[in-house]
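> Sequence first, then the predicted structure, then my questions.
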Amino acid sequence: MKTYTLKTDGTLKRYDYLWRMTPDRWAWEYLRRNEDFLEDANAFDRSQISERTVCHGIRILKSRIPQTAAERWGLILMPDPEQNGIDADVVWNKTAFPDQVELNVIPRGENEACEIYDTSVALARISHFTDSVGREFLLTRGNGCVFQTRCHGISLLGIEQVRMKLQISDFESYDRKVKAQQEGMRVFGNDPEAETPKWTKRTHMLRDGLIVLDSLKLGMTRREIATVLYGKSKVEAEWQSGHMKGAVRYLVHKAEALRDGGYLVELLGGHVGPERVAA
């Protein structure tokens, strides 16, 4: 996939952190700009979530009660909307994010190692989540990336030593799940160019969509938004031609659609069927 750098200074530089995010993290960035979601999130009582830290700095978070408000948006717990896609504890449920990576958790034999666990605790930061009905999930953070996995089998929190194995449970979503696994493996990378944002055509568009939403919230006109995105001299030269107006109009429409529910299909792959495919 072709990647390229973008000139980012001033306002645009604040968005550089986005470039390494997986689609489910992009989904959060759009959702946390939804006013209806913010109303639910700001009313949420965070004492409903218990948290403790165990060996290797692993965080253990568990819901004390059913999370009805969070589930309305496809989440198992209500994250803090002030936190970005890297820092927020965003865990999507299976319905909203059907292609999330899955781990099969089995008993570990005597003197048997678990490569996934050993590598993760050595190279990344791990958070373990349990939803209101006991399903377990992991967020693994590292190398500027976040990787969500859903666990099956025996509990990771039991007294029994366990081993984790990546699994793909169906043929229909095989290609998408392989891609999700490959993207997730970036948390263990050692990329010497990790500080230099590299964009694809799609992530460039997604970044610009977030800039559009933030600019609209500040009351900016479409021409002012174009100036932020393309620079004053370029806007002065091209705005009246109509092409740039159309590009900004498209970005506004696309960004608002993603924010207002489109993230479920376009970014998370929810409700994917024979006639409706995730982008």
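Perfect, I can see it now.
> Quick one: the helices in the stretch 101-250 of the chain, in order.
115-123, 174-184, 201-217, 222-230, 232-238, 243-257 (DSSP state H, counting those that start in this stretch).
> neighbours around I58, how many?
16 (other Cβ atoms under 10 Å). (C-beta placed from N, C-alpha, C; glycine too.)
> My understanding was that it contacts S127; is that so?
Yes. If you go by Cβ atoms under 8 Å, I58 and S127 touch, sitting 7.2 Å apart.
> How about exporting the lowest-mean-pLDDT helix or strand in the chain as PDB, limited to the C-alpha atoms?
Least confident helix or strand, the chain: helix 174-184 with a mean of 81, by mean pLDDT, DSSP states H and E. In PDB, the C-alpha atoms belonging to helix 174-184 read as follows (Å, rounded to 0.1, in the frame of the first residue of the first chain):
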ATOM      1  CA  TYR A 174     -10.800 -14.900   7.000                       C
ATOM      2  CA  ASP A 175      -9.100 -12.200   4.900                       C
ATOM      3  CA  ARG A 176     -10.300  -9.400   7.100                       C
ATOM      4  CA  LYS A 177      -9.200 -11.100  10.300                       C
ATOM      5  CA  VAL A 178      -5.800 -11.900   8.900                       C
ATOM      6  CA  LYS A 179      -5.400  -8.200   8.000                       C
ATOM      7  CA  ALA A 180      -6.500  -7.300  11.500                       C
ATOM      8  CA  GLN A 181      -3.900  -9.600  13.000                       C
ATOM      9  CA  GLN A 182      -1.200  -8.100  10.800                       C
ATOM     10  CA  GLU A 183      -2.100  -4.600  11.800                       C
ATOM     11  CA  GLY A 184      -2.100  -5.600  15.500                       C
END
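> residues making contact with that helix?
For helix 174-184, contacts defined as Cβ atoms under 8 Å, 6 or more residues apart in numbering pick out 22, 99-102, 140, 145, 147-149, 166, 168, 269, 278.
> Need the max-distance pair from the residues you listed.
T140 and A278 (22.5 Å; Cβ to Cβ).
> of these two, who's got more company?
T140 (22 against 17).
> The more buried one: what's it in contact with?
S120, A124, R125, I126, V146, F147, T149, G184, V187.
> got the end-to-end distance for stretch 143-158?
Length of stretch 143-158, first residue to last, Cα to Cα, to the nearest Å: 29 Å.
> my bad, stretch 53-68
From its first residue to its last, stretch 53-68 covers 26 Å (Cα to Cα).
> Let me see the ranges of the strands in the stretch 51-200 of the chain.
Under the criterion DSSP state E, counting those that start in this stretch, strands of the stretch 51-200 of the chain are mapped to 59-63, 101-107, 125-130, 136-142, 145-153, 162-167.
> With mean pLDDT and distance to D36 added, can I get those strands in a markdown table?
Below are those laid out as a markdown table (pLDDT from 0 to 100; distance: least, Cβ to Cβ, whole Å):
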| stretch | mean pLDDT | distance to D36 |
| --- | --- | --- |
| strand 59-63 | 95 | 22 |
| strand 101-107 | 93 | 29 |
| strand 125-130 | 96 | 24 |
| strand 136-142 | 95 | 25 |
| strand 145-153 | 93 | 24 |
| strand 162-167 | 91 | 36 |
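> Buried ones among the contacts of helix 174-184?
22, 99-102, 140, 145, 147-149, 168, 269, 278 (16 or more other Cβ atoms under 10 Å).
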